[in-house]
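J.: Give me a model of this one.
(one chain, ligands or ions: 1)
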Amino acid sequence: MTDQTPAPAAPAYTGPRRILSGIQASGALHLGNYLGALKRFVELQDQGAPIFVFVADMHAITVWQEPAKLVTQRREIAAAYLASGLDPRKTIIFPQSAVRAHAELAWIFNCVARLGWLDRMTQFKEKSGKHKERASVGLYTYPVLQAADILLYKATEVPVGEDQKQHLELTRDVAQKFNNDFGVPGFFPLPDPVIQGPATRVMSLRDGLAKMSKSDPSDNSRINLTDDADTIAAKIRKAKTDPAPLPETLDELNARPEAKNLVAIYAALAGLTREQVIAEFGGQGFGAFKPALADLAVSSMAPVTAEMRRLLNDPAEIDRVLADGAQRAAEVADPVIEEVKKIVGFWS
Ligand code: TRP
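T.: Okay, here's the model as predicted:
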């Protein structure tokens, strides 16, 4: 080969398609999590590829968590997975902290990832705020643990929100550098983010410019995954709107944050596009649209929230699912971490 010849591309990963995602165990879940993540996982579960969905309790402790609360929050996320329709016979549902190999691989990846890569991570900058010297080291290296979560299962597709794109890029960089440095081309896949549809960003019911959030002091700003039918309907009725009728074009809709949010929620719950929703409701007032949205929200969400409340009253059932999932996850993860340890030269 002369100097002019470009290096041959490293052989691509040839393993099977695998889907993996997780939600951090640090607080109550709401409609935004449901439409942005949970509903999406359920759709992916029937595509034929194995799917791994975990509760990221190791990521949760990058900021302080009361231990007893961590236990209940882990169950809440697991209950939400089940109530949304994830079927533990098809989907491996497990707690991250139950599979030791996450921590082992994260350490190895800490030695693969570069400080410069982590310095660019915008989520760390946002979460650490003005006093980054007081943030935990774990918060800084959070994306490296995320890379370990994904690559431990050789996942090829990762359904996540827009805000996780940068962490997926870092995961690909870690995979590529590991494959190159250790001379194992194609060992780890370069996983693709699967960014969700139009309702990925569900906004507050009180402010169309703020994301729906568990930390908003107003409970009316969000629909919690434990709210009963009456509460769901009341929150939709009280949602902030403007006096004008619903717009008839997407351009007009985009200029009206509250209207846009309610139309997006309707579209996501009904499985329609926003165009289809404004084709039906454009020109009508919120007096007509809100009751329709309240009915739709109740009929689609109340069964989920009722199941969620039922499961939370039966923690033993949730823990059985998690224990079984942990065992099945470890069966996939353990051979991978063993191979990685050999590749690196560790005692194994
Ligand atoms: N960081 C993700 C979030 O905040 C949660 C997460 C942790 C995750 N590990 C993951 C998501 C692995 C996908 C794959 O949403």
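
J.: Model confidence score at P243, please.
T.: With respect to pLDDT, P243 scores 89.

J.: and it, how many neighbours does it have?
T.: Other residues near P243 come to 6 when the count uses other CB atoms under 10 Å. C-beta: built from backbone N, CA, C; applies to glycine.

J.: so how far is A234 from it?
T.: In this view, P243 and A234 are 21 Å apart by CB to CB, to the nearest Å.

J.: cool, G138 as well?
T.: In this structure, G138 and A234 are 40 Å apart, going by CB to CB.

J.: Over to Q24?
T.: Between Q24 and A234 the distance is 29 Å, computed by CB to CB.

J.: the more surrounded of these two?
T.: Using other CB under 10 Å as the criterion, Q24 and A234 rank with Q24 on top: 19 against 14.

J.: Specify the beta-bridge partners of that one.
T.: Assessed by DSSP bridges, Q24 has beta-bridge partners A56.

J.: Next to the ligand, which bits of the stretch 101-250 of the chain? Give me the list.
T.: Within the stretch 101-250 of the chain, the positions adjacent to the ligand are 146, 149-150, 158, 160, 164, 167 by CB under 6 Å from any ligand atom.

J.: Neighbour-wise, which one of these leads?
T.: Using other CB under 10 Å as the neighbour test, those are led by I150, with 29 neighbours.

J.: And the pLDDT for Q4?
T.: According to the model's per-residue confidence, Q4 sits at a pLDDT of 62.

J.: what's the answer for A28, then?
T.: Among the per-residue scores, A28 shows a pLDDT of 86.

J.: most residues in a single helix of the protein, which one?
T.: helix 315-344 (DSSP state H).

J.: That one and the ligand, are they touching?
T.: No. Using CB under 6 Å from any ligand atom, no contact is recorded between helix 315-344 and the ligand, whose separation bottoms out at 12.7 Å.

J.: Tally up the residues packed near W107, please.
T.: Taking other CB under 10 Å as the criterion, the count of residues near W107 is 12.

J.: how far away is it from I337?
T.: Note on W107: its distance to I337, by CB to CB, is 11 Å.

J.: For A106, list the residues it contacts.
T.: When contacts are counted by CB atoms under 8 Å, 6 or more residues apart in numbering, A106 touches 141, 144-145, 147-148.

J.: and what of E258?
T.: Listed by CB under 8 Å, 6+ apart, the contact partners of E258 are 208, 239-242.

J.: Widest-spaced pair of these?
T.: Across the contacts of E258, the two members that end up farthest from each other (CB to CB) are A239 and D242, 11.3 Å apart.

J.: Which one of these two is surrounded by more residues?
T.: Summary of the neighbour comparison: A239 and D242, criterion other CB under 10 Å, with A239 having more neighbours (22 against 11).

J.: what's the nearest residue to that one if we skip its chain neighbours?
T.: Of all residues beyond its chain neighbours, the one nearest A239 is L205 (4.1 Å), with distances taken as CB to CB, 6 or more residues apart in numbering.

J.: What is the neighbour count of that neighbour?
T.: 24.

J.: tell me the secondary structure for it?
T.: When states are read from DSSP: H, G, I helix; E, B strand; the rest coil, the local structure at L205 comes out as coil.

J.: any idea how far the ligand is from it?
T.: L205 sits 22 Å away from the ligand, taking CB to the nearest ligand atom, to the nearest Å as the criterion.

J.: Could you shift the numbering so residue one becomes 78, and keep it that way?
T.: With the count now opening at 78, the last piece we talked about shows up as L282.

J.: That residue against I313, yeah?
T.: Yes. With contact defined as CB atoms under 8 Å, L282 and I313 form a contacting pair (7.5 Å).

J.: between the two, what contacts are shared?
T.: Shared contacts of L282 and I313, defined by CB under 8 Å, 6+ apart, comprise I300.

J.: quick one, phi/psi of I96?
T.: With angles defined as degrees, to the nearest 10, I96 shows backbone torsions of phi -110, psi 140.

J.: in the sheet, who's paired with it?
T.: I128, E234.

J.: Identify the residues contacting it.
T.: For I96, the contacting residues are 121, 124, 126-129, 232-236, 271, taking CB under 8 Å, 6+ apart as the criterion.

J.: that older thread, tell me which of the residues of the stretch 178-327 of the chain next to the ligand fall in helices.
T.: Among these, the members falling in helices (DSSP H) are 223, 226-227, 244.

J.: Out of the residues you listed, which two sit at the greatest distance?
T.: Farthest apart among those by CB to CB are D226 and H244. That separation is 10.1 Å.
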